[in-house]
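Undergrad: need a 3D model of the sequence below.
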Amino acid sequence: MTTPKYRDPNRPVDERVEDLLTRMTLEEKAGQLFHAMLTMNPDGTLVTDTTANPFVSHSTTDLVEGLRLSHFNLLGQHGVRETAEWVNRLQELAASTRLGIPVTLSTDPRHAFTDNPGASFNSGAFSAWPEPLGLAAIGDPELVEKFGDTVRREYLAVGFRVALHPQIDLATEPRWSRQSGTFGSSADTTGELVRAYVRGLQGPVLGPESVAAMVKHFPGGGPQKDGEDPHFAHGKEQVYPGGLRDHHLAPFKAAVEAGCSQMMPYYGQPVGTDWEEVGFGFNRDVLTGLLRERLGFKGVICTDWGLLSDASILGEMFPARAWGVEHLTVAERAAKALDAGSDQFGGEQCPEVIVELVRSGRITEARIDESVRRLLREKFVLGLFENPYVDPDRAEEVVGAREFTALGEAAQRRSLTVLTNRSLLPLADRPNLYVRGVSEQVASTYGNVVADPVHADLAILRLRTPHEQRPGVFESFFHSGSLAFPEDELKDILRLLDATPTLVCVNLERPAVLPEIAEKAAALVADFGASDTALLDVAFGRARAEGRLPFELPRSMAAVEASRPDVPNDTEDPVFAYGHGLEL
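TA: Numbering: from 1, shown residues only. Predicted structure coming up:
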């Protein structure tokens with residue numbers, strides 16, 4: 001029996017793609033257009049019972065064999081060996097289908113401290129690094145390339161072949177909840193770092209040892225009206241009162257020039273521009289006119305998750321994020337997104353809609369083929385047809401390896417940013433320490449921990465960025481609203497600062513309004529994802545903090561509200577300017 005051309009690794013990739021495409025049914029092609037969410041059982045077996053699962057409604061077999069899907073986003077944190085074994089079972093299932101098209105597995109970020117089921121996972125078994133904001137605070141492209149390479153090696157070990165990152169939106173609206181995943185407010189810094197990040201993930205060219213970078217959120221998701229997020233209807237509007245639309249586009253130009261393999265448009269609906277006022281995943285002006293034609297992007301465009309169908313998330317019903325086209329049916333939304341230039345639908349699993357669009361004549365099969373070519377080509381280039389499996393023993397050796405852990409821990413220390421120091425740092429000897437928000441066990445290796453600040457030589461206080469508690473489980477993960485500490489909490493903090501010399505460390509997932517704390521703290525440090533050990537090593541002079549603020553820290557919420565969402569560092573008289581940071 002003759003081996004199909006698409007199975008012959010010696011043939012050119014494009015020839016293999018065309019051979020496979022001619023063998024596919026319309027249903028098989030339609031399945032390629034969906035990048036669905038998937039979970040696994042803790043023991044590494046495939047999910048068969050979905051009744052208690054808040055994210056998936058089909059068994060894994062139904063998705064692969066029934067709906068003919070082969071692109072999946074793995075949710076949750078699991079054991080390394082179990083994940084590797086699950087990947088092999090998943091690939092075995094895919095290999096048993098008629099054409100044996102291997103699965104492309106993706107993941108949200110897994111190498112830092114933020115845990116948001118709509119955006120990222122904390123590091124778990126993987127090496128722990130500062131958030132991208134922390135990498136921006138260091139500002140070292142060589143380090144970012146090492147980080148991308150570490151991510152690549154750890155991802156490859158367990159079978160992840162697409163990174164749903166980097167996120168290169170500009171942090172220009174201080175209230176926006178997604179800033180921790182960005183490189184801050186500078187377009188120049190972000191452009192420089194995304195080049196390094198893509199090199200680290202993909203290597204010199206995309207190939208069998210690469211992880212494909214899905215850069216997001218085109219054309220820049222930072223300038224959200226009132227800082228609200230378009231995961232939710234009340235945050236759907238994206239605005240440019242300062243006229244800096246092209247400024248937000250600049251990092252994406254750099255990403256395209258660096259050869260990023262995929263691009264994800266955001267949910268936002270542009271208001272007050274010459275673009276059609278529909279979400280970017282449906283926006284032909286943006287995807288075809290800007291991304292394809294003006295920037296010359298030739299890779300895969302995958303929409304953000306949940307543009308077509310209403311869905312239950314963590315037990316709550318949410319409308320499709322079809323901003324500007326809410327009145328359209330699911331099929332009409334899919335057709336508009338395809339017409340706009342989208343290749344794939346993130347977080348959706350309704351290929352029957354695509355089949356019906358073609359059979360009804362609304363969308364041509366040639367248009368479907370255009371996107372399927374891009375998707376199949378990446379599978380071939382990544383070497384998935386030759387080797388889709390992973391080695392569980394090797395996975396356990398690589399993920400969280402000492403080399404990677406040491407790099408991440410060093411980066412945590414470097415990213416710490418000293419904002420004020422009134423002759424407190426570095427600390428010496430073994431002082432009596434009162435700690436709050438810091439592990440007493442960790443602190444006890446540096447000093448004598450006491451239960452009452454009255455008996456302390458100094459206090460160490462770790463704080464989180466303030467935010468408003470929003471209703472609903474899912475939205476509670478998106479820290480939005482006011483950046484000021486609530487009055488009662490602020491009074492309690494200031495009482496401690498008045499009573500005891502205090503080192504305050506504020507975790508900045510967004511800018512915080514903290515003029516009173518900055519005035520009274522004996523030392524003030526910002527962190528962007530760092531362990532207690534990293535903080536105390538810096539405080540006691542055992543490591544050097546190198547960070548510089550990747551955005552400004554505003555003086556008041558009134559200044560934030562008066563600033564323009566698309567203009568970087570636009571608040572009046574900030575407490576600390578962009579780039580501020582002291583050397584010890």
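Undergrad: tally of neighbours for Gly447?
TA: Using other C-beta atoms under 10 Å, Gly447 has 22 neighbouring residues. For glycine as for every other residue, the C-beta is placed from the backbone atoms N, C-alpha and C.
Undergrad: ok, now which ones touch Arg294?
TA: The contact partners of Arg294, by C-beta atoms under 8 Å, 6 or more residues apart in numbering, come to none.
Undergrad: next: Arg422.
TA: Arg422 makes contacts with Ala521, Ala522, Ala523, as judged by C-beta under 8 Å, 6+ apart.
Undergrad: the bottom helix or strand of the chain by mean pLDDT?
TA: Across the helices and strands of the chain, the lowest-confidence element by mean pLDDT, DSSP states H and E is strand 311-313, at a mean of 83.
Undergrad: am I right that Asn569 sits in a helix?
TA: No. The assignment for Asn569 (DSSP: H, G, I helix; E, B strand; the rest coil) gives coil, which keeps it out of a helix.
Undergrad: could you pull up phi and psi at it?
TA: Taking degrees, to the nearest 10, you get phi 50, psi 60 for the backbone angles of Asn569.
Undergrad: wait, isn't Ser480 in contact with His467?
TA: Yes. The pair Ser480 and His467 passes the contact test of C-beta atoms under 8 Å, sitting 6.2 Å apart.
Undergrad: which neighbours do those two share?
TA: Taking C-beta under 8 Å, 6+ apart as the criterion, Ser480 and His467 both touch Ser177.
Undergrad: select from the contacts of Arg422 the one having the most neighbours.
TA: Taking other C-beta under 10 Å to define a neighbour, the member of the contacts of Arg422 with the most is Ala521, carrying 27 neighbours.
Undergrad: only the buried residues of stretch 521-535, if you could.
TA: Burial within stretch 521-535, assessed by neighbour count using 16 or more other C-beta atoms under 10 Å, is assigned to 521-535.
Undergrad: should've said stretch 416-428
TA: Neighbour counts using 16+ other C-beta under 10 Å place Leu416, Thr417, Val418, Leu419, Thr420, Asn421, Leu424, Leu425, Leu427 of stretch 416-428 among the buried residues.
Undergrad: what is the nearest of the residues you listed to Ala401?
TA: Nearest to Ala401 among those, counting by C-beta to C-beta, is Leu416 at 23.9 Å.
Undergrad: would you check how far apart the closest one and Glu332 are?
TA: In this structure, Leu416 lies at 50 Å from Glu332, with C-beta to C-beta, to the nearest Å as the measure.
Undergrad: specify the local secondary structure of Val87.
TA: Three-state assignment for Val87 (three-state DSSP): helix.
Undergrad: check contacts around the closest residue to it other than its chain neighbours.
TA: If you skip the residues right next to it in sequence, Val87 has Gly159 as its closest partner in space, 3.5 Å away by C-beta to C-beta, 6 or more residues apart in numbering. Contact analysis of Gly159 by C-beta under 8 Å, 6+ apart lists Thr83, Ala84, Val87, Asn88, Gln91, Leu105, Pro388, Tyr389, Val390.
Undergrad: what pLDDT does Gly159 get?
TA: Predicted confidence (pLDDT) at Gly159: the value is 98.
Undergrad: kindly report the same for Ser57.
TA: So, for Ser57, pLDDT stands at 78.
Undergrad: pretty sure it is touching Thr50, no?
TA: Yes. Checked against C-beta under 8 Å, the pair Ser57 and Thr50 is within contact range at 5.8 Å.
Undergrad: Ala335 versus Gly361, what's the distance?
TA: Using C-beta to C-beta, one obtains 11 Å as the distance from Gly361 to Ala335.
Undergrad: so the two - more neighbours on which side?
TA: When neighbours are counted by other C-beta under 10 Å, Ala335 comes out ahead of the other of Gly361 and Ala335, with 20 against 7.
Undergrad: I'd assumed the more buried one was in a helix, is it?
TA: Yes. With three-state DSSP as the criterion, Ala335 is assigned to a helix.
Undergrad: and it, what does it touch?
TA: For Ala335, counting by C-beta under 8 Å, 6+ apart, the contacting residues are Leu357, Arg362, Ile363.
Undergrad: what of Tyr578?
TA: When the contact criterion is C-beta under 8 Å, 6+ apart, the partners of Tyr578 are Gly184, Ser185, Ser186, Leu549, Pro550, Phe551, Glu552, Pro568, Asn569.
Undergrad: ChimeraX command for the buried members of these?
TA: Applied in ChimeraX, the following selects the buried portion of those according to 16+ other C-beta under 10 Å:
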select :184,185,186,549,550,551,552,568,569
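Undergrad: got the contacts of Tyr578 as a markdown table, with secondary structure, pLDDT and distance to Glu326 columns?
TA: What follows is the contacts of Tyr578, written out as a markdown table (DSSP: H, G, I helix; E, B strand; the rest coil; pLDDT from 0 to 100; distance: C-beta to C-beta, whole Å):
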| residue | secondary structure | pLDDT | distance to Glu326 |
| --- | --- | --- | --- |
| Gly184 | coil | 98 | 33 |
| Ser185 | coil | 98 | 32 |
| Ser186 | coil | 98 | 35 |
| Leu549 | coil | 98 | 39 |
| Pro550 | coil | 98 | 35 |
| Phe551 | coil | 98 | 33 |
| Glu552 | coil | 98 | 36 |
| Pro568 | coil | 98 | 32 |
| Asn569 | coil | 98 | 35 |
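Undergrad: which among the contacts of Tyr578 gets closest to Leu458?
TA: Each of these was scored against Leu458 by C-beta to C-beta, and Leu549 proved nearest at 24.3 Å.
Undergrad: for that closest one, which non-adjacent residue is spatially closest?
TA: Closest residue in space to Leu549, ignoring its immediate chain neighbours: His580 at 4.9 Å, by C-beta to C-beta, 6+ apart.
Undergrad: swap in Ala157?
TA: Distance criterion C-beta to C-beta, 6+ apart; nearest residue to Ala157, sequence neighbours excluded, is Val398 at 3.8 Å.
Undergrad: how many residues are close by the one you found?
TA: Close neighbours of Val398, defined as other C-beta under 10 Å, add up to 22.
Undergrad: surely it and Val151 touch.
TA: No. Counting by C-beta under 8 Å, Val398 does not reach Val151; the two are 11.6 Å apart.
Undergrad: now do Val438, the pLDDT please.
TA: According to the model's per-residue confidence, Val438 sits at a pLDDT of 97.
Undergrad: state whether it is indeed within a strand.
TA: No. Secondary structure of Val438 (three-state DSSP): coil, not part of a strand.
Undergrad: got the phi/psi numbers for it?
TA: Taking degrees, to the nearest 10 as the convention, Val438 sits at phi -120, psi 140.
Undergrad: next up, the contacts around it.
TA: Ile460, Leu461, Arg462, Asp532, Leu535, Leu536.
Undergrad: Val194 against Val256, yeah?
TA: No. With the criterion set as C-beta under 8 Å, Val194 and Val256 do not qualify as a contacting pair; they are 9.9 Å apart.
Undergrad: the more surrounded of those two?
TA: Set side by side, Val194 and Val256 show unequal neighbour counts under other C-beta under 10 Å, the larger going to Val194 at 29 against 20.
Undergrad: surely Val435 is within a strand?
TA: Yes. Secondary structure of Val435, determined by three-state DSSP: located in a strand.
Undergrad: any regions of the stretch 151-300 of the chain where pLDDT drops low?
TA: Applying pLDDT under 70 to the stretch 151-300 of the chain flags no residue at all.
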